[in-house]
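> got a sequence here, can you model it:
(2 chains)
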Amino acid sequence: MIELNDICFSYSEMIALDHINLSIKTGEAIALMGANGCGKSTLLKLINGIISPDSGSYRFHGEEVTHKKLQDVKFSKLLHQRIGFVFQNSDTQLFCSSVYEEVAFGPRQMGLTESEVESRVNDCLTLLGIQEFSNRIPYHLSGGEKRKVAIACVMSLNPEVLVLDEPMNGLDPKTQRWLVDFLKKLNKAGKTLITSTHNLELVHEISRRAILFDESHTIVADMMTEELLKDAELLKRVNLVDTSYHYQL
Amino acid sequence: MGNAENKFDDMPEWLSKSENYIPLSDKDTFVNKSILSVFKVLSRIKKQDSAGGARSQINVSLHVFCTFVLILLVSLTRSFIFVLIVNVWLLSVLSMTDTIRLVKILKMSMGVTLFTAVVMLPAFISGNTYSSITITTKVFATITAMGLLSHSTEWSTLTRALKRFYIPDIFIFILDITIKYIYMLGEFSLNMFYALKLRSVGKNRSKYSSMAGIAGTVFLQSKEMAEDMYHAMECRGFTGEYHINDKSKFKWRDYRSIGITAGFFILFIYFGRM
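Okay, the predicted model is just below:
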């Protein structure tokens, strides 16, 4: 489904991704792990077509995604519908006057009738347990509620792939648990999940496969998540944990 | 956990089916241009953080002082030769900087000089040749000197240097915070534009209301950040006084700069008498 071959990307002179090779199959649940600033968020932006690689190739369903193709409005819009992106900071994702309008923003553009839009929005709000916020202003919600609205906005587009940038950040334990269960269910329903996270306690629940970045912006491990969590030495080497780390299920 | 999983058992049918969607064409120029312009500003600020080069190794306060004196001398002189000497000096300094910086400074200087030349054109035609050429070259020297200062010195150290010239603390503080928040709010709005682009998967008939939404959210965010900062400042015992801890010592380069500025001052007096 997603094929990244020898991808390199840099911001001015700063290397963010260095010769990345990655293949993701439909229905997989993948976690991107690594210390801060190792290139996880940049890779997620690249997968979503926000940025395009300096060198190397990115293929989605066999079709190459290039800078030139992303200039084609139809191509980029279809890519954005098929790959949903949940930003790390939910505030940046919400700009409509009410939660209902926020969730309806995408489906309305997809040419659905107003009754279909309403049904889809209500389904999403119910699924995420935020029906009572329907008429509230998104900006005034709590961090966890905003995260749910942001996910609902993306889910209403019914993407094949859901990309989440540090989704557990700033959430209380109860909401984190809720989110883990929700992501597991989505994956069971056939959605491909790509999640960047630092949360070592929950990562094995939201992913079966883990990709580990080191501080030189390269992938140093691509293995089963539980196997990776057991390899304390490797996690220490990439500066993700310190000496007090012990793997516990 | 079992109960939690049961909550999602009623997953809507459409969510487990793949979407058969063909997007309609729509113009995204406004969003793309906004992304590009915000990105440019952020890159500019980020590059300022890593400003280097030979000149930046000079003590920043001294650099500001020498630039100020040079601009003052250029403004006061009536001698075209003096302005030419300053320009030659500035161009030789400019030639020692890297290409990207050189092009940027020259672009700015040439642009402003060209504008001045156009403004001075009537005076030039009506016979005031000497004055109009002197003024135009003075503008070139001033902008180039300022360009060299701003492109080779980090903004944070520049504001710190202002403290040495007894600029009021409140002014330096506002300047510092402004630069910081332009960057932070710029990053925030850039991400909002990205989100708008990613969520605009079809024909968006209310582009401008989305833009208004972004502007409103950025405003609310800035208000929240300002309040947070105010509380943080109170908690940290901020009294309005801005302390600097500048331990930089004078190096041989600094003495050289003083010498060059003194040389220009002597030239200014010498050509002033002619």
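> make sure A:M223 is indeed in a strand.
Yes - counting by DSSP: H, G, I helix; E, B strand; the rest coil, A:M223 falls inside a strand.
> may I see the buried residues of the lengthiest helix in chain A?
Longest helix in chain A, counting residues (DSSP state H): helix A:173-188. For helix A:173-188, a neighbour-count test (16 or more other Cβ atoms under 10 Å in any protein chain shown) marks A:175-187 as buried. Using the backbone N, CA and C atoms, a C-beta is placed for each residue, glycine as well.
> which ones, among those, also lie beside chain B?
Filtering the buried residues of helix A:173-188 for proximity to chain B (criterion: Cβ under 8 Å from any Cβ of the partner chain) leaves A:R177, A:W178, A:D181, A:F182, A:K184, A:K185.
> for B:I244, give me the pLDDT.
We have a pLDDT of 66 for B:I244.
> same thing with the one 4 residues further on?
If you check B:S248, the pLDDT there is 66.
> contacting residues around stretch A:236-249?
Residues from elsewhere that reach stretch A:236-249, judged by Cβ atoms under 8 Å, 6 or more residues apart in numbering or on different chains: A:33-35, A:38, A:198, A:200, A:204, A:212-215, A:220, A:226, A:229-230, A:232, A:235.
> what residue ranges in the chain score low on pLDDT?
All of this refers to chain A. Applying pLDDT under 70 to chain A picks out residues A:246-249.
> other chain: chain B
Scanning chain B for pLDDT under 70 picks out B:1-9, B:47-57, B:242, B:244-248, B:273-274.
> now check the one helix or strand B:M233 maps to, is it near chain A?
Using DSSP states H and E, B:M233 falls within helix B:207-235. Yes - judged by Cβ under 8 Å from any Cβ, helix B:207-235 comes into contact with chain A at B:S210, B:G213, B:I214, B:G216, B:T217, B:L220, B:Q221.
> so what's the residue count around the fifth one?
The reference is to B:T217. Look at B:T217: counted by other Cβ atoms under 10 Å in any protein chain shown, it has 21 neighbours.
> that one against B:M192, yeah?
Yes - counting by Cβ atoms under 8 Å, B:T217 touches B:M192, with 6.5 Å between them.
> ok, which stretches of chain A are helices?
For chain A, the helices defined by DSSP H occupy A:40-47, A:67-70, A:73-82, A:99-109, A:114-127, A:143-155, A:173-188, A:203-206, A:225-230, A:232-237.
> and the third one, what does it pack against?
It refers to helix A:73-82. Packing partners of helix A:73-82 (3 or more Cβ pairs under 8 Å, 6 or more residues apart in numbering or on different chains; DSSP states H and E): helix A:67-70, helix B:169-199.
> just say helix, strand or coil for B:T157.
Three-state assignment for B:T157 (three-state DSSP): helix.
> what separates it from B:K163, distance-wise?
As judged by Cβ to Cβ, to the nearest Å, B:T157 and B:K163 stand 11 Å apart.
> got the residues of the stretch 151-274 of chain B near chain A?
Near chain A, when you scan the stretch 151-274 of chain B using Cβ under 8 Å from any Cβ, you find B:188, B:191-192, B:194-204, B:210, B:213-214, B:216-217, B:220-221.
> repeat the analysis, applying 6 Å as the threshold.
Residues of the stretch 151-274 of chain B lying near chain A by Cβ under 6 Å from any Cβ of the partner chain: B:191-192, B:194-195, B:198-199, B:201-204, B:210, B:213-214, B:217, B:220.
> for ChimeraX, what selects the buried ones among these?
Buried residues among these (16+ other Cβ under 10 Å), as a ChimeraX selection:
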select /B:191,192,194,195,198,199,201,202,203,204,210,213,214,217
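> what is whatever helix or strand B:G111 lives in packed up against?
Per DSSP H and E: B:G111 is located in helix B:99-125. Here helix B:99-125 touches helix B:129-152, going by 3 or more Cβ pairs under 6 Å, 6 or more residues apart in numbering or on different chains; DSSP states H and E.
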